[in-house]
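> everything below, folded, please.
(one chain, ligands or ions: 3)
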Amino acid sequence: MTSHTPQGPVDASLTPRYAGIATFAKLPRIEDVPEARVAVVGVPFDSGVSYRPGARFGPSHVREASRLLRPYNPAQDISPFAVQQVVDAGDIVANPFNLDEAVRQVEEAATELGERVEKIVTIGGDHTIALPLLRAITKKHGPVAVLHFDAHLDTWDTYFGAPTTHGTPFRRASEEGLIDMTASMHGGTRGPLYGKEDLEDDERLGFAIVTSEYIEEHGVQAALDRIRDRIGDKPLYISIDIDVLDPAHAPGTGTPEAGGLTSREMLRLIRGLADRNIVGADVVEVAPAYDHAQMTAVAASHVVYELISAMGKSV
Ligand SMILES: N=C(N)NCCCC(=O)O
Ligand SMILES: [Zn+2]
Ligand SMILES: [Zn+2]
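Ligands and ions are numbered 1, 2, ... in the order given. Take a look at the predicted model:
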């Protein structure tokens, strides 16, 4: 589709990478190029959190850490910003005092952006935003296979009676028929639950699970075999809660759980999905106030980079 030569990031050998405004990876803004295949967009919103707040500052923190990304990705043998036009589409405005309005705003903005570009990678924001993002993407693709990397199931029913929170997006999305339940899966799940019925409810909804413990016990390749089998060639939406990583790799998040993945495992998991039909993705729950030395933001920026690289494989 891209007829013009993609405009890549600012050349870090000519302009120091720490100079200038931090778009994602120092890429052009959407308004600076005639057309784009992939857009990175931020959703600075955290009114759906149940514990530590602060993910509203996630997009700008991840952009800051993404300054150091380079144009060639040897792990996937691809120059993700040369084979396709990738842009930074800025931030979606979401009302911090009215959650339902915010969810509508995200759906509307993601729908509009989805008409301009083929694929969107969203940087959150708390996990509530996966619901409107799925509402938007299913208008284009119908129900999608959801691969959800997270310490948590996020299929709980309500918190304090509220149906729309960061612990409930995949319950709402499955009730609305947005998810292809024959092909969807959680990855990296772990940690204490409210009760055994959390797992039973989740299974009843139709999700499969590859736990953090399974990945440790059997390795990334075995996990990938199960994931790839389940997804097949369905349109795939990948939602990555950064708390899927161990707090040692990603301390800057709102509901940390011990016993998580390393960033190395997470990056390998994404690489192993590069030949699937990835139609969209999000990386959520980066909360900079709890981060140290940009650890979480560096991990998140590399996760986004691997996702964009994987998307570049289908050009
Ligand atoms: N989506 C994230 N990160 N967390 C959900 C945690 C829900 C709880 O507080 O029990
Ligand atoms: Zn989580
Ligand atoms: Zn989550």
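
> using the three-state scheme, assign the nearest residue to V298 once chain neighbours are set aside.
Of all residues beyond its chain neighbours, the one nearest V298 is A65 (4.8 Å), with distances taken as CB to CB, 6 or more residues apart in numbering. C-betas here are computed from N, CA, C, even on glycine. Using DSSP: H, G, I helix; E, B strand; the rest coil, the structure places A65 in helix.

> make 36 the starting number, not 1.
Right, with 36 as the first residue, what we last looked at is A100.

> gap between A100 and ligand 1?
Between A100 and ligand 1 the computed distance is 20 Å (CB to the nearest ligand atom, to the nearest Å).

> and what of H96?
For H96 relative to ligand 1 (CB to the nearest ligand atom), the value is 16 Å.

> that residue contacts Y325, correct?
No - look at H96 against Y325 with CB atoms under 8 Å: they stay out of range, at 10.8 Å.

> so what sits against both of these two?
287, 331 (CB atoms under 8 Å, 6 or more residues apart in numbering).

> the residue nearest to V333: what's it in contact with?
Contacts of A100 by CB under 8 Å, 6+ apart are 329, 332-333, 335-336.

> whichever residue of the stretch 86-235 of the chain sits closest to ligand 1: which element?
Closest residue of the stretch 86-235 of the chain to ligand 1, CB to the nearest ligand atom: G202 (3.3 Å). G202 is part of no helix or strand, with elements assigned from DSSP states H and E.

> is it true that it touches A186?
No - G202 lies out of contact with A186 (CB under 8 Å); the separation is 11.3 Å.

> when those two are compared, which one has more neighbours?
More neighbours surround A186 than the other of G202 and A186, with 27 against 23 (other CB atoms under 10 Å).

> and that one, how far is that from P204?
Counting by CB to CB, to the nearest Å, the gap from A186 to P204 is 15 Å.

> go on, V338?
Applying CB to CB, the value for V338 to P204 is 19 Å.

> what does S298 give?
24 Å.

> those two - which one has more neighbours?
More crowded of S298 and P204, by other CB under 10 Å: P204, with 29 against 21.

> isn't the more buried one right next to T163, touching?
Yes - contact criterion CB under 8 Å: P204 and T163 qualify, at 6.0 Å.
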